[in-house]
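Student: build me a structure from this.
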Amino acid sequence: MQQLARTAGGIDAVLCASDALALGAMIANPTRVPVTGYDNTPIAAAIGLSSVDQPVDEVAAGVLELLTGEFEGRVSHAPDSASPRYRMVTPRLVTRQFEAIPRDSVPVNALVDEASR
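Tutor: Alright, predicted model coming up:
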């Protein structure tokens, strides 16, 4: 984060591949740049972290439909098959109030304990 903050043009925001990485970025964030995580975990909610939420139920239902279709012969893996072999799902951004976490104010373990309650 410190290296990113020192770049010539600066940065407007950071999007992390997981909420855990975003938590680390928030702790190491000397410039209060907005940070967004991915997965919308309870930790994200507990610390007020915006996060991308994946529709896990929709993904699971799509996988089940594809698998049962394959077992029943409705879905083919042939390259010329007209049957769809994939599903698109739309994640949603859950926005929360951004607050940078002062580096020495709260131990990370306390944040994790709070999120698990």
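Student: I'd like the next helix or strand past the longest helix belonging to the chain.
Tutor: Using DSSP state H to define each element, the chain has its longest helix at helix 56-71. Per DSSP states H and E, helix 56-71 leads on to strand 92-94 as the next helix or strand towards the C-terminus.
Student: partner strands of that next one, with direction?
Tutor: strand 50-53 (antiparallel) (DSSP bridges).
Student: who touches the strand it pairs with?
Tutor: 19, 22, 34-41, 44, 91-96, 98 (Cβ atoms under 8 Å, 6 or more residues apart in numbering). C-beta here means a position set from N, CA and C on the backbone, and glycine is covered the same way.
Student: what about the longest helix of the chain, average pLDDT?
Tutor: On average, the pLDDT along helix 56-71 is 83.
Student: tell me how many other residues surround Q97.
Tutor: 7 (other Cβ atoms under 10 Å).
Student: secondary structure element holding it?
Tutor: Counting by DSSP H and E, Q97 is found in no helix or strand.
Student: was I right to think it contacts L49?
Tutor: No - under the criterion of Cβ atoms under 8 Å, Q97 is not in contact with L49, lying 9.5 Å apart.
Student: circling back: pull out the CA atoms of the longest helix of the chain and give them to me as PDB.
Tutor: Backbone C-alpha positions of helix 56-71 (Å, rounded to 0.1, in the frame of the first residue of the first chain) are rendered in PDB as follows:
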ATOM      1  CA  VAL A  56     -23.300 -18.400  -4.100                       C
ATOM      2  CA  ASP A  57     -26.800 -19.800  -4.100                       C
ATOM      3  CA  GLU A  58     -27.200 -19.000  -7.800                       C
ATOM      4  CA  VAL A  59     -23.800 -20.500  -8.700                       C
ATOM      5  CA  ALA A  60     -24.600 -23.700  -6.800                       C
ATOM      6  CA  ALA A  61     -28.100 -24.000  -8.500                       C
ATOM      7  CA  GLY A  62     -26.500 -23.500 -11.900                       C
ATOM      8  CA  VAL A  63     -23.800 -26.100 -11.200                       C
ATOM      9  CA  LEU A  64     -26.500 -28.600 -10.000                       C
ATOM     10  CA  GLU A  65     -28.600 -27.900 -13.100                       C
ATOM     11  CA  LEU A  66     -25.600 -28.500 -15.400                       C
ATOM     12  CA  LEU A  67     -24.600 -31.700 -13.700                       C
ATOM     13  CA  THR A  68     -28.100 -33.200 -13.600                       C
ATOM     14  CA  GLY A  69     -28.500 -32.200 -17.300                       C
ATOM     15  CA  GLU A  70     -25.300 -34.000 -18.100                       C
ATOM     16  CA  PHE A  71     -26.300 -37.100 -16.200                       C
END
